[in-house]
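**Q** Coordinates for the following, if possible.
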Amino acid sequence: MSRIGKQPVAVPAGVNVSVAEGKVSVKGPKGELTLEPHARVKVSFDNAARNIIVERPDEDRLTRSVHGLTRTLLANMVEGVTKGYERKLIVIGLGYKAEIDKKNKQMVILKLGYANAIECVAPPGVTVEVTTMDYRMEGKKDNEKVTAVVVKGTDKQKVGQFAADVRSAQPSEPYQGKGIRYDDEVVRRKEGKSKTG
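**A** Numbers count the residues shown, from 1 in each chain. So this is what the prediction gives:
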């Protein structure tokens, strides 16, 4: 039995769950998410216990892997509609900038030292903010004010994917630390070549 799959997903008060026509809908204060579970697993909602239960009919390898995956996706949906997900990215570098487009609030414009700015458009259900925050660089004693791109949403996959897309525009390099990184990311710094003679 899958150790993750056999655990029921607790549904807090204020969240509505409906299982119908092969789809699971979870609606909460932050929004609504829908999942179409794999045909090999059965999803049911116990209203009395306020639990979502995922069951599997056999011990086939694919069924076992889908069992745990489905339970995790449902748990992420419940957390997404109650608390939501957030990912922060830090933009570091002289002249590096991030700003929200004035016309399209879903678009982040990144100026990263290239001839042209890079435009990243957030998918529906994901919101983006650009703000400043205190951040301590490796090897520095004091915090510095840096530009931060904050990605928020109810769908964990969409938030994580868009944050990864923004980061991929210019990942932090190890010599000067310039680029885009997650706020909790540790960039291993390297020493540059020293002149000997």
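**Q** and the residue nearest to Arg188 when sequence neighbours are not counted, how many neighbours does it have?
**A** Once flanking residues are discounted, Arg188 sits nearest to Pro174: 6.0 Å by CB to CB, 6 or more residues apart in numbering. Every C-beta, even on glycine, is put in place using the N, C-alpha and C of the backbone. The number of residues packed near Pro174 is 13, by other CB atoms under 10 Å.
**Q** Show the contacting residues for Pro174.
**A** When contacts are counted by CB atoms under 8 Å, 6 or more residues apart in numbering, Pro174 touches 187-190.
**Q** Could you rerun that using 6 Å?
**A** By CB atoms under 6 Å, 6 or more residues apart in numbering, the contact set of Pro174 is 188-190.
**Q** What of Gly113?
**A** Per CB under 6 Å, 6+ apart, neighbours of Gly113: none.
**Q** Below-threshold pLDDT in this protein: ranges please.
**A** For the chain, applying pLDDT under 70 flags the ranges 1-2, 195-197.
**Q** those helices in it, which residues are they?
**A** Assigned by DSSP state H, the chain shows helices spanning 61-82, 156-167.
**Q** want to try a markdown table for those, with mean neighbour count as columns?
**A** A markdown table is the format used below for these (neighbours: other CB atoms under 10 Å):
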| stretch | mean neighbour count |
| --- | --- |
| helix 61-82 | 19 |
| helix 156-167 | 18 |
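**Q** Out of the ones you listed, flag the one nearest Pro12.
**A** Smallest distance to Pro12 across those (CB to CB): 5.9 Å, for helix 61-82.
**Q** Remind me what that closest one packs against, helices and strands.
**A** Helices and strands touching helix 61-82, by 3 or more CB pairs under 6 Å, 6 or more residues apart in numbering; DSSP states H and E, are strand 9-10, strand 23-28, strand 31-35, strand 51-55.
**Q** Other residues contacting it?
**A** So helix 61-82 is contacted by 2, 4-5, 9, 11-12, 26, 28, 30-31, 33, 35, 37-38, 40-41, 52, 54, 56, 154-156 (CB under 6 Å, 6+ apart).
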